[in-house]
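Student: structure for the following, please:
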Amino acid sequence: MAKNKKQTSQPQKARSITEQAMYNVAVPAELVKRAEKEFPKESYWTPFKVAHKYNLTLSSARKLLKIMEENGVVALYTPNRRSPVYVPKK
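Tutor: Below is the predicted model:
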């Protein structure tokens, strides 16, 4: 018979400021300017497509897409947790 194992879960502690800084994603301004010119040329954008084109991590690509949405370059077409789809604004 299988024995039940006790799971000892430790309470999560808050991240320190240095640990939080590791997870912050910074997108260079030069990349934002370059993307503003190139984003309207494609029919759609996903985080994977941006990461592949600009050689970024997926978190940086998501951040760049959110910046482009705030600037009015693209609009969120399909809100999906894993892979949202953005289309250029006309």
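Student: which intervals of this structure have sub-threshold pLDDT?
Tutor: Scanning the chain for pLDDT under 70 picks out the ranges 1-9, 15, 17-23.
Student: again, 90 this time
Tutor: By pLDDT under 90, the weakly predicted segments of the chain are 1-28, 59, 80-82, 90.
Student: all helices of it, in order?
Tutor: In the chain, the segments counted as helices under DSSP state H are 17-23, 29-38, 47-54, 58-71.
Student: and those as JSON lines, adding mean neighbour count and distance to Tyr77?
Tutor: Quick note: C-beta positions are derived from backbone N, CA and C, even for glycine. Rendered in JSON lines, the data for those read as follows (neighbours: other Cβ atoms under 10 Å; distance: least, Cβ to Cβ, whole Å):
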{"stretch": "helix 17-23", "mean neighbour count": "8", "distance to Tyr77": "27"}
{"stretch": "helix 29-38", "mean neighbour count": "12", "distance to Tyr77": "17"}
{"stretch": "helix 47-54", "mean neighbour count": "16", "distance to Tyr77": "13"}
{"stretch": "helix 58-71", "mean neighbour count": "18", "distance to Tyr77": "11"}
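Student: next, the contact list for the residue nearest to the spatial centre of the chain, please.
Tutor: For the chain, the residue sitting closest to the mean C-alpha position, by Cα atoms, centre = their mean, is Arg62 at 2.0 Å. When the contact criterion is Cβ atoms under 8 Å, 6 or more residues apart in numbering, the partners of Arg62 are 47, 84.
Student: just Glu38 next, same as before
Tutor: Glu38 is in contact with no residue at all, counting by Cβ under 8 Å, 6+ apart.
Student: could you do the one 5 residues further on as well?
Tutor: Ser43 sits next to 87-88 when contact means Cβ under 8 Å, 6+ apart.
Student: from Arg82, how far off is it?
Tutor: Distance, Ser43 to Arg82, by Cβ to Cβ, to the nearest Å: 20 Å.
Student: please produce CSV containing the helices of the chain, extended by distance to Thr78.
Tutor: Listed next are the helices of the chain as CSV, based on distance: least, Cβ to Cβ, whole Å:
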stretch, distance to Thr78
helix 17-23, 26
helix 29-38, 20
helix 47-54, 12
helix 58-71, 12
